[in-house]
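In: I would like to see how this sequence folds:
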Amino acid sequence: MPDAPFSFDIQPQLATPIYRQVVEQVQRLVAGGQLRPGDELPSVRTVAERHAINPMTVSKAYSLLEAEGLLARRRGVGMVVAAGVQPAGDDRLALLAPALQALARQARQLGITPDDTLAGLAQVFDSLEQDAP
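Out: Next up, the predicted model:
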């Protein structure tokens, strides 16, 4: 498990379905090495209760990750990161490509320069670091 208690950042207002948000977050955390083989994920019930979502949504996400080989079901423990899963290394940026493309498209539509966009992104990074425990 990561050092801090693990929790998903689920945002129901996004166009991305909740199960995809869970899948993509686990993929990024594994790719970034923040979740390692053997690390436990919160139970379906815990995630569903914490975020007031249907347990079947969480179960669907976990099942997709299990089919992908990222998670394994461990009897009596729940879902864990599968053995042998390695951080993605240089492929991590590929996981950000859709979000970066959307950001670039939106910045262009708003008439914001690449330099100003990067400066805004740096500010967001800084605010996230300040919010971190």
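In: distance of Gln43 from Arg28?
Out: Residue 43: Ser, not Gln. 21 Å (Cβ to Cβ, to the nearest Å). All C-beta spots, glycine's among them, are computed from the backbone N, C-alpha and C.
In: Out of the helices and strands in the chain, which is least certain?
Out: One helix or strand of the chain scores below all others by mean pLDDT, DSSP states H and E: helix 92-109, with a mean of 86.
In: Report the next helix or strand after that helix in sequence order.
Out: helix 114-131 (DSSP states H and E).
In: Could you export that next one as CSV, CA atoms only?
Out: Provided in CSV are the C-alpha atoms of helix 114-131 (Å, rounded to 0.1, in the frame of the first residue of the first chain):
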residue,chain,number,x,y,z
PRO,A,114,1.6,27.2,-24.7
ASP,A,115,3.8,29.1,-22.3
ASP,A,116,0.9,30.4,-20.3
THR,A,117,-0.7,26.9,-20.3
LEU,A,118,2.5,25.4,-18.9
ALA,A,119,2.7,28.1,-16.3
GLY,A,120,-0.9,27.3,-15.2
LEU,A,121,0.0,23.6,-15.1
ALA,A,122,3.0,24.4,-12.9
GLN,A,123,0.7,26.3,-10.5
VAL,A,124,-1.6,23.4,-10.3
PHE,A,125,1.3,21.1,-9.4
ASP,A,126,2.4,23.5,-6.8
SER,A,127,-1.0,23.7,-5.2
LEU,A,128,-1.2,19.9,-5.2
GLU,A,129,2.1,19.7,-3.4
GLN,A,130,0.9,22.2,-0.8
ASP,A,131,-2.3,20.2,-0.2
